[in-house]
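[1] Sharing a model that was predicted from the sequence below.
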Amino acid sequence: MFGGKVDKVFGKGLSTNDYTTTEKNKLSGIASGAQVNVIETVKENGTAQTVSSKEININVPTKTGDITNDSGYLTSHQDISEKKH
């Protein structure tokens, strides 16, 4: 008859809250299916970028006019018809 009884633990009452409110609040703020963020650094061409609020913006040129022609490639506005080879 008493095989499933729970023994009294000194210093504990019937309504002891061993699971703290702080822990409950922390877990209630985690979204269902949330994932651990494992990326700690984002680099652009070897240079670490600043991450703010889990967000980083890396500007990538979308037009040739956004980049520097440092190799001297010909562009559509250059006329080479008069140049000698």
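    Looks like it came in fine.
[2] Quick one: end-to-end length of stretch 60-77, please.
    End-to-end distance for stretch 60-77, by CA to CA, to the nearest Å: 24 Å.
[3] most centrally placed residue in this protein?
    The residue lying closest to the centre of the chain (CA atoms, centre = their mean) is Lys54, at 4.3 Å.
[4] ok, now how distant is the closest residue in space to it that isn't next to it in sequence from Gly13?
    Distances taken as CB to CB, 6 or more residues apart in numbering place Asn37 nearest to Lys54, at 6.7 Å, with adjacent residues excluded. The way it works is simple: take the backbone N, C-alpha and C, and place the C-beta from them, glycine included. Here Asn37 is placed at a distance of 40 Å from Gly13 (CB to CB, to the nearest Å).
[5] Which parts of the chain are helices?
    21-28 (DSSP state H).
[6] returning to that earlier point: do you know how far the residue nearest to the centre of the chain is from Gly3?
    From Lys54 to Gly3 the distance is 53 Å (CB to CB).
[7] Same check on Ser53?
    56 Å.
[8] Where do the strands of this structure begin and end?
    Secondary structure of the chain by DSSP state E: the strands cover 42-44, 47-49.
[9] between those strands, which gets nearest to Gly65?
    Each of those has some distance to Gly65 by CB to CB; the shortest is strand 42-44, at 20.5 Å.
[10] Okay, now the unreliable bits of this protein?
    Along the chain, segments meeting pLDDT under 70 span 1, 38, 83-85.
[11] Now render the strands of the chain as TSV, adding mean neighbour count and distance to Gly72.
    Formatted as TSV, those follow (neighbours: other CB atoms under 10 Å; distance: least, CB to CB, whole Å):
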stretch	mean neighbour count	distance to Gly72
strand 42-44	11	25
strand 47-49	10	26
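[12] What number of residues are in the vicinity of Val51?
    13 (other CB atoms under 10 Å).
[13] can I assume it is in contact with Asn37?
    No - Val51 is beyond contact range of Asn37, at 9.9 Å (criterion: CB atoms under 8 Å).
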